[in-house]
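Asks: Provided below are the primary sequence and the corresponding predicted coordinates.
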Amino acid sequence: MTQPEVSVLQDVLRLYDHRFLELADDQRRRLVIGTRHVLGERLADEVRAALPASYRLRAFCIQRGLHEELERLIREETEGHRAGAVVVGGRVYAMYPYLRGVPRHDADITDEVRAEHRLDGLSWAGDRVRLQGQAAIGQVAAREVAVEVILRERTQAHERRFGASPHGSGFEALIDPAELGPGHWDVHLAVGTFGLTREAAFGAVRDARLKTGPRERAGVIVYFGERGDLAIEIPGTPGRPGLLRRLLRR
């Protein structure tokens, strides 16, 4: 049997969401039978690798006739429940205790997990910028998470890194503007655990009580950019003054 196109599989497996749960039992059965015919007995490795883990797991259940497990998988996803995950040899695998015999490559979510974070506090500590927040790698439960704050200048590709220390259930970091050259520095986080590291822009996800107006001290401006992420403007930027600086001078 020839292998189905990835786009065809995606279109078919996309139907296995809340719509599947709303079908009558006989309709579900017919859909599963038709899908099993499309999938065949075994998908080629390159086809399987092109599918997200959620689709690979659906295909696993459908090919093996695991109807109850398929329904549970879909129901948990639609209700917002996420599977836990373990890191083995630098790869991340989703854990579904009720799914036995799942090949590792089907449960592999390494390329899908992201840094998850929230900015809880933003203030001045003397002339330094104090950041407080939460950070983790999605789905990976870990007692210890290493957090590093990365400042990247937008136009000159310069980078500075600042360590973070535990603070309550999250972290705290102090950014010294004196260590940054002139320019607009975008704030990122590097989050690591079990030898796995993920980076992400920081600040768009934040405590709803946090004020978002620009903050200035000694000519340094801390502000949220167009996408909501945190940035720091250091005076002395070549050319005309930045927009924020011109607005604050009015």
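Replies: That came through fine.

Asks: for the helix ranked longest in the chain, give the mean pLDDT please.
Replies: Among the segments of the chain that qualify as a helix by DSSP state H, the longest is helix 25-39. Averaged across helix 25-39, the pLDDT comes to 95.

Asks: just use 29 as the starting number from now, easier for me
Replies: Sounds good: first residue 29 from here, last item helix 53-67.

Asks: what packs against that helix?
Replies: Helices and strands touching helix 53-67, as assessed by 3 or more C-beta pairs under 8 Å, 6 or more residues apart in numbering; DSSP states H and E, comprise helix 34-41, helix 81-91, helix 95-106. For glycine as for every other residue, the C-beta is placed from the backbone atoms N, C-alpha and C.

Asks: repeat the analysis, applying 7 Å as the threshold.
Replies: With contacts taken as 3 or more C-beta pairs under 7 Å, 6 or more residues apart in numbering; DSSP states H and E, helix 53-67 sits against helix 81-91.

Asks: show me how far the helix it packs on is from its chain's centre.
Replies: How far helix 81-91 lies from its chain's middle: 22 Å, per C-alpha atoms, centre = their mean, to the nearest Å.

Asks: and the strands in this structure?
Replies: All strands of the chain, identified by DSSP state E, fall at 112-116, 119-123, 143-153, 156-165, 174-181, 187-195, 198-203, 211-221, 224-229, 243-245, 248-252, 258-262.

Asks: just name the most buried of those strands.
Replies: strand 258-262 (a mean of 23; mean count of other C-beta atoms under 10 Å).

Asks: that strand pairs with which strands, parallel or anti?
Replies: If you go by DSSP bridges, strand 258-262 pairs up with strand 211-221 (antiparallel), strand 248-252 (antiparallel).

Asks: got a markdown table for those strands, with mean pLDDT and distance to Tyr124 too?
Replies: Shown next, in a markdown table, are the strands paired with strand 258-262 (pLDDT from 0 to 100; distance: least, C-beta to C-beta, whole Å):
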| stretch | mean pLDDT | distance to Tyr124 |
| --- | --- | --- |
| strand 211-221 | 97 | 21 |
| strand 248-252 | 97 | 38 |
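
Asks: let's have these in CSV, adding distance to Arg119.
Replies: Converted to CSV, these look like this (distance: least, C-beta to C-beta, whole Å):
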stretch, distance to Arg119
strand 211-221, 14
strand 248-252, 35
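
Asks: of all these, which lies closest to Val157?
Replies: Taking C-beta to C-beta, strand 248-252 is the member of the strands paired with strand 258-262 nearest to Val157, at 5.7 Å.

Asks: reformat the strands of the chain as CSV; add distance to Thr63.
Replies: Shown next, in CSV, are the strands of the chain (distance: least, C-beta to C-beta, whole Å):
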stretch, distance to Thr63
strand 112-116, 26
strand 119-123, 21
strand 143-153, 32
strand 156-165, 32
strand 174-181, 43
strand 187-195, 47
strand 198-203, 43
strand 211-221, 37
strand 224-229, 33
strand 243-245, 55
strand 248-252, 45
strand 258-262, 45
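
Asks: quick one: closest of those strands to Arg76.
Replies: Set against Arg76 and scored by C-beta to C-beta, these come closest in strand 119-123, at 14.9 Å.

Asks: gap between the most centrally placed residue in the chain and Phe88?
Replies: For the chain, the residue nearest the mean C-alpha position is Arg142 (2.8 Å; C-alpha atoms, centre = their mean). Per C-beta to C-beta, to the nearest Å, Arg142 is found 24 Å from Phe88.

Asks: got a list of what the residue nearest to the centre of the chain touches?
Replies: 166, 226, 228 (C-beta atoms under 7 Å, 6 or more residues apart in numbering).

Asks: which of the residues you listed sits closest to Leu202?
Replies: Nearest to Leu202 among the contacts of Arg142, counting by C-beta to C-beta, is Ala228 at 20.0 Å.
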